[in-house]
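S.K.: Structure for this input, please:
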Amino acid sequence: MYKGSDKKIVATIEARMTSSRLPGKVLLPLADKPALERLLERIRTSAYVDEIVVATTTNRADDPIVSLASRLNVTYFRGSENDVLSRVLLAAQSVHGDIIVELTGDCPLINGELVDRGIEEFFSHDVDYASNTIHRSYPDGFDVQVFPVDILARVSKLTRDPIDRVHVSYYIYNHPDIFTLHNWFPKEKELFWPELRVTLDEQADYELLDVIFKRLLPINQHFGPYEVVDFLRENPHLLAINRNVKTKNALEG
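M.R.: Residues are numbered from 1 along each chain as shown. Predicted coordinates:
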């Protein structure tokens, strides 16, 4: 829990095996451990998150995700494959959460420190939604969104538009007339690198992430965004690995 608050904070991680561009990506090995396991290890260092829930689907193809969560003693929830909003909402409600930290399995570089920064920004600004993605400043792959379960429940009743149901918080940040929003930026100017892509969508992304984990883990098991950015600035040739990968926008699915 956050200091001075009695709200239960739940980190939900959306994960499925049927990615169109890179099937099974969340279980691809990063320095010999599945990407999802790496992310779970990193989120567990958060000082404020009370529980982590892997929000996967009822599709049998996602059974390996459930097996991994069970092996690691992490709570999981199985819901709709396409209605991701309801899946995340029900996942948080299944453990009686009050605040959602929405994360996705294709961002394995996120760590507890970054999550805690998002939680601090949410509580200190007393808003409906806090994120570092409304106006992108961090590299793509360090996306953290924080909002109350009650807000998402309200959104679930307000919209049945498929784009809102697939992109969980899309309706929230596109309706500043209804919800109070806060965008937070890096404290370290070195982290301001919105053009950098360190998310996991295609094979080239995977190859870059594997290099990052293999190089940084021996130096610091809990390396954070600063170490990632510093490493890539010192090794700019690595940026060529996934330079040609196109980032999809929300309307492309």
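S.K.: which phi and psi does the nearest residue to Asp230 once chain neighbours are set aside have?
M.R.: Sequence neighbours aside, Glu190 is the residue nearest to Asp230 in space, at 6.9 Å (criterion: C-beta to C-beta, 6 or more residues apart in numbering). Using the backbone N, CA and C atoms, a C-beta is placed for each residue, glycine as well. Reported as degrees, to the nearest 10, the phi and psi values for Glu190 are phi -60, psi -30.
S.K.: Next: Asn183.
M.R.: Backbone torsions of Asn183, given as degrees, to the nearest 10, read phi -100, psi 130.
S.K.: is it true that Gln203 touches Leu22?
M.R.: Yes: using C-beta atoms under 8 Å, Gln203 is in contact with Leu22, at 6.2 Å.
S.K.: quick one: secondary structure of Pro218?
M.R.: Pro218 falls in the coil class when you classify it by DSSP: H, G, I helix; E, B strand; the rest coil.
S.K.: separation between it and Leu209?
M.R.: Applying C-beta to C-beta, to the nearest Å, the value for Pro218 to Leu209 is 16 Å.
S.K.: For this protein, give me the ranges with low pLDDT.
M.R.: 249-253 (pLDDT under 70).
S.K.: Closest to the centroid, which residue in it?
M.R.: The geometric centre of the chain, computed from its C-alpha atoms, lies nearest to Leu103 (C-alpha atoms, centre = their mean), at 2.3 Å.
S.K.: Secondary structure of that residue: a strand, I assume?
M.R.: Yes: under three-state DSSP, Leu103 sits within a strand.
S.K.: For it, list the residues it contacts.
M.R.: Contact analysis of Leu103 by C-beta atoms under 8 Å, 6 or more residues apart in numbering lists 11-14, 39, 43, 110, 115, 143-144.
S.K.: Could you rerun that using 7 Å?
M.R.: Contacts of Leu103 were listed using C-beta atoms under 7 Å, 6 or more residues apart in numbering, and they are 11-13, 110, 144.
S.K.: Phe185 too?
M.R.: Counting by C-beta under 7 Å, 6+ apart, Phe185 touches Ser137.
S.K.: which SS state does it fall under?
M.R.: With three-state DSSP as the basis, Phe185 sits in coil.
S.K.: Please apply the same query to Thr56.
M.R.: Reduced to three states by three-state DSSP, Thr56 is strand.
S.K.: Next, count neighbours for it.
M.R.: 29 (other C-beta atoms under 10 Å).
S.K.: try the one 10 residues further on
M.R.: Residue crowding around Val66 was assessed by other C-beta under 10 Å; the count is 17.
S.K.: Now it: closest residue in space, sequence neighbours ignored.
M.R.: Excluding its sequence neighbours, the residue lying closest to Val66 (C-beta to C-beta, 6+ apart) is Tyr76, at 5.5 Å.
S.K.: same check, this time on Arg215
M.R.: In space, and not counting its chain neighbours, Arg215 is closest to Phe231: 6.4 Å by C-beta to C-beta, 6+ apart.
S.K.: name the helices or strands packed onto whichever helix or strand that neighbour is part of?
M.R.: Using DSSP states H and E, Phe231 sits in helix 225-234. When contacts are defined as 3 or more C-beta pairs under 7 Å, 6 or more residues apart in numbering; DSSP states H and E, helix 225-234 sits against helix 203-216.
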